[in-house]
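J.: got a structure for you, letters missing:
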């Protein structure tokens, strides 16, 4: 009797950050892996759970503690000193600049990447403990997600070829 072997790979990603700039790595890696026939599960916990909320208009970047942040401006690259983060409205202004740059350069938006993840049948799991902690319900989140805890993640991770913490 012939055996059927598969080269199926599995990947899990723990998503812990809920800022605009930190939303890109997990969604790009997940959708790229899914396009390469990798079975992907994303576990959203603490501030990463923000990325599963229905409305993503609140996403901003944080300039504080981000010394690698350089923005193209008038033909130069402007670095953002940490002291600037103390000024009111700086994060909002930088977030607007980043969103405009993303649009101008034709980079997919986070809502588009999240929709692509859903279309690629990536398993999106919201952390139950975090939802309880922040008093969010499944109604606050996009449709089609699962809710689980650390044991849910561990079960997937123990059977995965690749585990990422972002």
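T.: Thanks, I have the structure now. It should be emphasised that the depicted structure is a prediction, and the values quoted were computed from it without experimental measurement.
J.: Poorly predicted segments of this protein, please.
T.: 1-7, 65-69, 71, 73, 80-83 (pLDDT under 70).
J.: can you give me the helices in it?
T.: Taking DSSP state H as the criterion, the chain carries its helices at 20-35, 90-104, 110-119, 128-133, 150-158.
J.: Buried residues, the shortest one. List them.
T.: For helix 128-133, the buried set under the neighbour-count rule, 16 or more other CB atoms under 10 Å, comprises 128, 130-131. The C-beta positions use only the backbone N, C-alpha and C, and glycine is treated the same way.
J.: Now tell me what touches it from outside.
T.: For helix 128-133, the external contacting residues (CB atoms under 8 Å, 6 or more residues apart in numbering) are 44-46, 49, 136-138, 147-150.
J.: can you rerun that using 6 Å?
T.: Helix 128-133 is contacted from outside by 45-46, 49, 147, 149, using CB atoms under 6 Å, 6 or more residues apart in numbering.
J.: now those in TSV, with neighbour count and distance to residue 98?
T.: Supplementary listing: these in TSV, determined by neighbours: other CB atoms under 10 Å; distance: CB to CB, whole Å:
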residue	neighbour count	distance to residue 98
45	20	24
46	16	22
49	23	21
147	13	31
149	15	33
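J.: Greatest separation within these: which pair is it?
T.: In terms of CB to CB, the contacts of helix 128-133 reach their longest pairwise distance at 46 and 147, which sit 14.8 Å apart.
J.: Going by distance to residue 32, which of the buried residues of helix 128-133 wins?
T.: residue 130 (25.8 Å).
J.: how close does that closest one get to residue 15?
T.: For residue 130, the distance to residue 15 under the criterion CB to CB, to the nearest Å works out to 11 Å.
J.: separation between the residue minimising distance to the centre of the chain and residue 98?
T.: The residue at the geometric middle of the chain, judged as the C-alpha nearest the mean C-alpha position with CA atoms, centre = their mean, is residue 23 (3.3 Å). Distance, residue 23 to residue 98, by CB to CB: 11 Å.
J.: The contacts of helix 128-133 in strands, which ones?
T.: residue 147 (DSSP state E).
J.: still on that earlier bit, export the buried residues of helix 128-133 to TSV and append columns for distance to residue 115.
T.: As requested, the buried residues of helix 128-133 are arranged in TSV below (distance: CB to CB, whole Å):
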residue	distance to residue 115
128	24
130	22
131	22
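J.: Perfect, that will be all.
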